[in-house]
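> build me a structure from this.
(3 chains)
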Amino acid sequence: MRRRLGVLLLLLATQASAEIPEAERRSGYHDMGASVQAMQDDDMANPAMLWVVEGENLWKRKAGAAGKSCDDCHGEPERMVVVALRYPAFSDSANRPINLDQRINQCRTENQKAPAYAYESRELLALSALVSMQSRDQPIQPSADPRLRSFTEAGAAAFAQRQGQLNLSCAQCHDDNHGKKLGAATIPQAHPTGYPIYRLEWQSLGSLQRRLRNCLIGMRAEPYAYGAPDYVALELYLMKRAAGMSFEAPGVRP
Amino acid sequence: MNHSPLTRRRFLARSGIATAGAAFVTVLPLLPAQATAESLAAAIKEIVGSAKLNAGRVTLDIPPLVENGNTVPMKISVESPMTAKDHVKAIHVFNEKNPQPHVLNAYLGPRAGRASISAHIKLADSQKVVAIAELSDGSFWSASAEVIVTIAACTEEVT
Amino acid sequence: MSNALIRLPRSVKKGEVFEIKTLVQHPMETGYRSGTNGTIIPRDIIEEMICTYNGVEIFRMRMSSAVAANPFVSFHTVATESGTLFFRWTGDNGFKLEETARITVA
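Numbering: from 1, shown residues only, chains lettered A, B, ... in the order given. Below is the predicted model of the structure:
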C-alpha cells in the first residue's frame, strides 16, 4: 500500500513538469555570454556561415540520375522562407513525420535520383543550414496537421520520461530547472530555435539530432541511432513547445 | 538581430587535408603535455631577447570568462601612428597553460594604418594570455589578461 | 575543399583606414587530442595567412595550434588605390587556399 502510494506520488511529481508558458519562452541565446552572442550576431564571425556558403553552391549543382539541382525545382533559396519552421512534417511516402534533414534526403533520392547524404555530413549540414537560415527572425508556428498529433504526444512523453543511469528526464532540467547552473553552464530552456548550430564544443556545425544525442549521453542513456523516429517525435514536440519563438538559425552555442 | 549581406566568394582549394580516417597512426607526442610558466617565459625571451618589456600602449581585449575554450574571441590594439618612421612591426601572442606557449604572430607595417587585429583562439584551461607588440624602433610593449575557461554540459564524451 | 569568407567595405576613400574580416573553414586539429584507443590525432593546422594589396604584402599571420577551428581573423589597411586584395592560407598536409576580393577606392 505504501509502495503504491510512493509510485503515485512519483507519477504526480513527474507530471507536475509543465510546458513553459509562451510569454516566458526564452532562447538559449540569452543564456550565453556576450562574446558568444556577438559571434552569432555577426555573419562574418559566425563559422556556421561557412556551411551556408557551401549550401549555396550545392543548391545550384545538378545531381543524380535526374540531373536536377535544388534550384531547378525550388528557385532561389530565399523562396524557402517558411520551410524550416514547419518541420518535422508528415511525409506521405514515408507514412510518418520526417525532419528537415530527412526531407532533404527524400528530395535527393526521389527527385534528384541521387544517393542520400549521410547524417551529419558536410553536404547535408550545408543544405540544412542554408534552408534553415531563410526562416531567420520568423516565428515558429507548429503545423495543425492531425496526422502529427500522436507523434507529438510520443515526443512529449519522451521529454517527460526519466532515462539513463542518472535517471533524469529532459523536463527535470529544461522545464523545472532552466536558468540554474549545471556545473558552470546555465541550463537553457532547450528550444530548437537555432538549429543547425555551430557548437563551440564540436568546433563544427551540427544538427539538432546530434545535440539530442549529446543530451542522452549527458544523462548516461544510450543514444538512439541517427535517423531514429524517436528523435523526430522529440523534435516535433520541441517545435510545439517553442511555438511563437523567433527562429535564429544558424546559431552559435557553447 | 540585424544581418547584412556578405561577400560570397568561394574558391576551390587544391588541398590535401587529412581526413579523420587517416588519424589512427601511433604518434608519440613530441612536446610535454602542458606548458608551464617557464615555457611561457622562454617563448617570450625568444622574441624579446634581453630587451626591456614595457607595460602600456597595448590593449588586450578578451572575455574574462568563457563558456568554451575552443573559440575565444580576442582583440589586440596598439597605440601607434603607424607611419614609416614609427609603427608596429609585429604583435606576438602567448599563453600560459596550453600544451605549447605560442598563439599567433601578426606582422603589420605602415600600410596597416591602424595596429588593431582580432582572432579567435583556443585556450585549454583557465590561464593568462600575453600580447607583445614589437615596434619599428626595436622596443617591446606588452599587456596580459587572465581568462577563466569553463566547459559546456552534455557533450559527446562520457567524462 | 574549404570555404573562406571575406568582408571589406564596398568602396572607401583614398587614405581611409578600413577593416578586413576573414573566416576560413579548417579543423585546426591541434595534434594534442586523443582519438580511438588513445592514439593521438595528428596535427592539421593552418600555419600561415598572407594578404597582399595589388601585389604588396600588407598583413601576415603565423598561426599555431592555439588558434581556433574555422578561424576568424581581422586586420586593417590603408586604402591606397583600387585593385585586388589577395589572400592565401597555407598549412599542414599541403593545405593551400587562395581567395581574392576587389576594393574600390574613390
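> the strands in chain C, which residues?
Under the criterion DSSP state E, chain C contains strands at C:4-7, C:11-12, C:17-24, C:46-53, C:56-63, C:72-78, C:83-91, C:95-105.
> er, chain A I mean
Counting by DSSP E, chain A has strands at residues A:89-91, A:96-98, A:181-182, A:185-186, A:197-199, A:204-206, A:252-253.
> ok, and does stretch A:34-46 reach over to chain B?
Yes. Stretch A:34-46 reaches chain B (Cβ under 8 Å from any Cβ of the partner chain) through A:A34, A:S35, A:V36, A:A38, A:M39, A:Q40, A:D41, A:D43, A:M44, A:A45. Using the backbone N, CA and C atoms, a C-beta is placed for each residue, glycine as well.
> B:A133 touches B:A115, doesn't it?
Yes. Taking Cβ atoms under 8 Å as the definition, B:A133 is a contact partner of B:A115 at 7.0 Å.
> quick check: neighbours shared by these two?
B:V78, B:S80, B:V88, B:I91 (Cβ atoms under 8 Å, 6 or more residues apart in numbering or on different chains).
> neighbours of A:E56, how many?
Neighbourhood size, A:E56 [other Cβ atoms under 10 Å in any protein chain shown]: 18.
> now do the same end-to-end measure for stretch A:200-207.
With Cα to Cα, to the nearest Å as the measure, stretch A:200-207 spans 13 Å from end to end.
> list the buried ones in stretch A:146-163?
A:L148, A:F151, A:T152, A:A154, A:G155, A:A156, A:A158, A:F159, A:A160 (16 or more other Cβ atoms under 10 Å in any protein chain shown).
> so what pLDDT did the third one get?
A:T152 carries a pLDDT value of 97.
> ok so, going back, now, the residues of stretch A:34-46 next to chain B that are in helices?
Mapping the residues of stretch A:34-46 next to chain B onto helices (DSSP state H) picks out A:A34, A:S35, A:V36, A:A38, A:M39, A:Q40, A:D41.
> about what we covered before: where among the strands of chain C is average confidence lowest?
strand C:11-12 (a mean of 93).
> any part of that one near chain B?
No. Against chain B, strand C:11-12 shows no contacts by Cβ under 8 Å from any Cβ, the least distance being 10.8 Å.
> and the strands in chain B?
B:53-55, B:58-61, B:65-66, B:72-78, B:88-95, B:102-107, B:115-121, B:127-135, B:140-149.
> and those as a markdown table, adding mean pLDDT, mean neighbour count and distance to chain C?
As requested, the strands of chain B are exported to a markdown table (pLDDT from 0 to 100; neighbours: other Cβ atoms under 10 Å in any protein chain shown; distance: least, Cβ to the nearest Cβ, whole Å):
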| stretch | mean pLDDT | mean neighbour count | distance to chain C |
| --- | --- | --- | --- |
| strand B:53-55 | 96 | 12 | 20 |
| strand B:58-61 | 98 | 18 | 12 |
| strand B:65-66 | 95 | 18 | 11 |
| strand B:72-78 | 98 | 22 | 7 |
| strand B:88-95 | 98 | 24 | 6 |
| strand B:102-107 | 98 | 22 | 4 |
| strand B:115-121 | 98 | 23 | 4 |
| strand B:127-135 | 98 | 22 | 9 |
| strand B:140-149 | 97 | 18 | 12 |
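> quick one on the thing from earlier: mind putting the strands of chain A into a markdown table with distance to A:Y237 and mean pLDDT?
Conversion of these to a markdown table gives the following (distance: least, Cβ to Cβ, whole Å; pLDDT from 0 to 100):
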| stretch | distance to A:Y237 | mean pLDDT |
| --- | --- | --- |
| strand A:89-91 | 14 | 96 |
| strand A:96-98 | 11 | 97 |
| strand A:181-182 | 22 | 90 |
| strand A:185-186 | 22 | 91 |
| strand A:197-199 | 19 | 98 |
| strand A:204-206 | 20 | 97 |
| strand A:252-253 | 20 | 98 |
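> out of the ones you listed, deepest packed?
Burial of the strands of chain A is given as mean neighbour count (mean count of other Cβ atoms under 10 Å in any protein chain shown); strand A:197-199 ranks first at a mean of 26.
> centre of the chain versus that strand, how much separation?
Distance of strand A:197-199 from its chain centroid, counting by Cα atoms, centre = their mean, to the nearest Å, is 12 Å.
> next one: stretch C:82-90
9 Å.
> buried residues in that stretch?
Buried, per 16+ other Cβ under 10 Å, within stretch C:82-90: C:L85, C:F86, C:F87, C:W89.
> same thing with stretch A:93-103?
Buried, per 16+ other Cβ under 10 Å, within stretch A:93-103: A:R96, A:P97, A:I98, A:N99, A:L100, A:D101, A:Q102, A:R103.
> quick check: end-to-end length of that stretch?
11 Å.
> pull the residues that contact it.
With Cβ under 8 Å, 6+ apart as the criterion, stretch A:93-103 contacts A:83-84, A:87-91, A:106, A:110, A:119, A:124, A:128, A:131-132, A:147-148, A:151, A:207-209, A:227, A:229, A:231-233, A:235-236.
> off-centre distance for it?
14 Å.
> pLDDT score for the spatially closest residue to A:Y195 that is not a sequence neighbour?
Using Cβ to Cβ, 6 or more residues apart in numbering or on different chains and skipping residues adjacent in sequence, the residue nearest A:Y195 is A:L208, 4.3 Å away. As predicted, A:L208 sits at a pLDDT of 97.
> hmm, B:D61 is touching B:V78, no?
No. In this structure, B:D61 is not within contact of B:V78 by Cβ under 8 Å, at 11.9 Å.
> tell me which residues touch A:V52, please.
Residues near A:V52 by Cβ under 8 Å, 6+ apart: A:A126, A:A129, A:L130, A:M133, A:P250.
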